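**Q** The following block contains a protein sequence and its predicted model.
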Amino acid sequence: MPADLTERLAALFQWIDPGPGTSHLVSDISGWWRDPTVLAELGPALVAPHRAARPTVVLAPAVTGLLLGPLAATALGVGFVAAHKPGDGRLPAGALTWAQSPPDYRGRRVDLAVRDRHLGPGDRVLVVDDWVRTGAQLHALYEICATRGAEVLGTAVVAVDCPPEVAADLRITGLINAADLPG
Ligand SMILES: O=P(O)(O)OC[C@H]1O[C@H](OP(=O)(O)OP(=O)(O)O)[C@H](O)[C@@H]1O
Ligand SMILES: Nc1ncnc2[nH]cnc12
């Protein structure tokens, strides 16, 4: 990983107060996309720990994954598959494989769907996302891969915010620990 990428990720991160009626600050990672050096380095840095396992495809969930997934896929020279959520407002037509997550970091059970024609036996899948907290959405993605007969190699995220046993169980690598982001 480029030496100062982790420092730049921290410097460009903010917690935002969404305003009256809200009790929580929300993470704002938009600075990561606005910085041309970070944007260029994210894909190669995410995939670096997984290159040797020779992924054949990158899978990532809506909505932030739709940005990060292609960065990772192009760094590997492989294709990208999106996992959609009903909340997207427009679901893909055709045969889909669905899985529902356990309660995620917001207590939601998230439904995720992947087009059958884009994932199948022989695929070696690298999952990519921006942030992992409970690992719930990753569980759903791993279940979809298993249903499709595809092998999951692990997950590459930017911010790791989960217990170490979750990271070990799901084979998660990250670029920064959430504890190292500014408070
Ligand atoms: O580890 P977990 O508890 O599963 O939480 C992590 C997931 O939740 C967030 O996505 P969110 O559904 O908020 O979508 P977003 O990309 O639209 O922010 C984040 O981007 C991960 O996908
Ligand atoms: N994008 C995100 N995903 C999961 N947990 C979070 N906590 C703060 N921001 C988050």
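**A** Happy to help now that I have it. Keep in mind that what you see is a predicted model, and the values were worked out from it rather than measured. Numbers count the residues shown, from 1 in each chain. Ligands and ions are numbered 1, 2, ... in the order given.
**Q** In contact with the most centrally placed residue in the chain, which residues?
**A** The centroid of the chain falls nearest to residue 129 when counting by Cα atoms, centre = their mean (1.0 Å). Residues in contact with residue 129 (Cβ atoms under 8 Å, 6 or more residues apart in numbering) are 60, 61, 64, 65, 68, 137, 138, 155, 157, 158. C-beta here means a position set from N, CA and C on the backbone, and glycine is covered the same way.
**Q** which residues touch stretch 30-41?
**A** If you take Cβ under 8 Å, 6+ apart as the criterion, stretch 30-41 is touched by 2, 5, 8, 9, 12, 13, 14, 42, 67, 71, 158.
**Q** Give me the subset of the residues you listed lying in helices.
**A** 5, 8, 9, 42, 67, 71 (DSSP state H).
**Q** Count the neighbours of the residue nearest to the last one when sequence neighbours are not counted for me.
**A** In space, residue 71 comes closest to residue 43 once its chain neighbours are excluded; the distance is 3.4 Å by Cβ to Cβ, 6 or more residues apart in numbering. A total of 21 residues lie near residue 43 under the criterion other Cβ atoms under 10 Å.
**Q** Residue 43 is in contact with residue 77, isn't it?
**A** No: between residue 43 and residue 77 there is no contact under Cβ atoms under 8 Å: 10.9 Å.
**Q** can you list the residues of this protein near ligand 1?
**A** Proximity of the chain to ligand 1 (Cβ under 6 Å from any ligand atom) is limited to residues 61, 63-64, 104-105, 129-137.
**Q** Are any of those buried, and if so which?
**A** For these, a burial check counting by 16 or more other Cβ atoms under 10 Å picks out 61, 64, 104, 129, 130, 131, 132, 133, 134, 135, 136, 137.
**Q** Quick one: mark the members of these that sit in strands.
**A** Secondary structure from DSSP state E places 61, 129, 130, 131, 132 of these in strands.
**Q** which element is residue 167 on?
**A** helix 164-170 (DSSP states H and E).
**Q** In that helix, which residues are buried?
**A** In helix 164-170, counting by 16+ other Cβ under 10 Å, buried: 166, 167, 170.
**Q** Identify, from these, the entry nearest to residue 118.
**A** The closest of the buried residues of helix 164-170 to residue 118 turns out to be residue 170 (Cβ to Cβ; 21.6 Å).
**Q** Tell me how far the closest one lies from ligand 2.
**A** Going from residue 170 to ligand 2 by Cβ to the nearest ligand atom, to the nearest Å gives 14 Å.
**Q** show me the contacts for that residue.
**A** Neighbouring residues of residue 170 by Cβ under 8 Å, 6+ apart: 132, 135, 138, 139, 142, 154, 155.
**Q** And the pLDDT for it?
**A** pLDDT for residue 170: 98.
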